[in-house]
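Novice: Predicted model follows, preceded by the sequence.
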Amino acid sequence: MANKKIIKPADLSEMKEKLVKLNRVAKVTKGGRTFSFSALVVVGDGKGKVGHGLGKARDVSESIAKAVDNAKKNLVDVPIIKGTIPHEQLGKYGAGKVLIKPASDGTGVIAGGAMRAVLEIAGVQNVLAKSQGSANPHNVVKATINALTKLRSPLDVARQRGITLRKVYEG
């Protein structure tokens, strides 16, 4: 419990949310079919924090609310430098694979479907992304967040190597 990061309620209030997938599922019972909803949501502040959540309920709005609450508990930090990511990175989750690459200013978010939602909510403005393998939104979202968590900022690299930040950029 001591190593858990504490997020202030004021920080959570300015979070943006994006519905990635809403699925209607049916359970067949003696009395007929019982429908419920499953919602996959991405939440972020647009400044380098992003999380995903899954919510299930009998009502659409209730399932989305549960997913948002779940997503706020799974936030990760993303290093963003000048509107893009610091380096190329491959992320995997299950059969879903994603490749994200930094892009020059003015490129925009070139990504499809679930990846686009995660990258936009995280606050990345210029990035090239490719989804390989599974097209399942759950796996793609989790693979994208996996790739974003693997990113290292130039400052972290300089600290680990024991060199100055200038030497990291010089090569």
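Specialist: Received the coordinates, thanks.

Novice: which SS class is the nearest residue to G133 once chain neighbours are set aside?
Specialist: Nearest residue to G133, sequence neighbours excluded (C-beta to C-beta, 6 or more residues apart in numbering): K97, at 4.2 Å. To be clear about C-beta, it is placed using only N, CA and C from the backbone, and glycine gets the same treatment. Taking DSSP: H, G, I helix; E, B strand; the rest coil as the rule, one finds K97 in the strand state.

Novice: these two touch, right, K97 and A135?
Specialist: No: between K97 and A135 there is no contact under C-beta atoms under 8 Å: 11.0 Å.

Novice: how long is stretch 79-96 end to end?
Specialist: 22 Å (C-alpha to C-alpha, to the nearest Å).

Novice: could you give the mean pLDDT of it?
Specialist: Stretch 79-96 shows a mean pLDDT of 92.

Novice: count of neighbours near the residue nearest to G133?
Specialist: Here the count is done by other C-beta atoms under 10 Å, and K97 has 19 residues near it.

Novice: what does the one 10 residues further on give?
Specialist: Here the number of neighbours of T107 (other C-beta under 10 Å) works out to 14.

Novice: Next one: it relative to K56, how far apart?
Specialist: Distance of T107 to K56, given as C-beta to C-beta, to the nearest Å: 37 Å.

Novice: quick one: least confident helix or strand in this structure?
Specialist: Scoring the helices and strands of the chain by mean pLDDT, DSSP states H and E places helix 9-13 at the bottom, with a mean of 59.

Novice: can you map out the strands along the protein?
Specialist: 16-29, 32-44, 49-57, 76-77, 89-93, 96-102, 109-110, 127-133 (DSSP state E).

Novice: Name every strand pairing with the fourth one and say which way it goes.
Specialist: Strand 76-77 pairs in its sheet with strand 49-57 (antiparallel), by DSSP bridges.

Novice: And the second one, by the same measure?
Specialist: Its sheet considered, strand 32-44 pairs with strand 16-29 (antiparallel), strand 49-57 (antiparallel) by DSSP bridges.

Novice: Centre of the chain to the first one, how far?
Specialist: This points to strand 16-29. On the basis of C-alpha atoms, centre = their mean, to the nearest Å, strand 16-29 sits 18 Å off its chain's mean C-alpha point.

Novice: Equivalent analysis for the last one, please.
Specialist: Taking C-alpha atoms, centre = their mean, one finds the center of strand 49-57 at 10 Å from the center of the full chain.

Novice: Can you pull out the residues in contact with that strand?
Specialist: Residues from elsewhere that reach strand 49-57 (C-beta atoms under 8 Å, 6 or more residues apart in numbering): 15, 20, 25, 36-44, 62-78, 118, 121-123, 138, 141-142, 145, 148.
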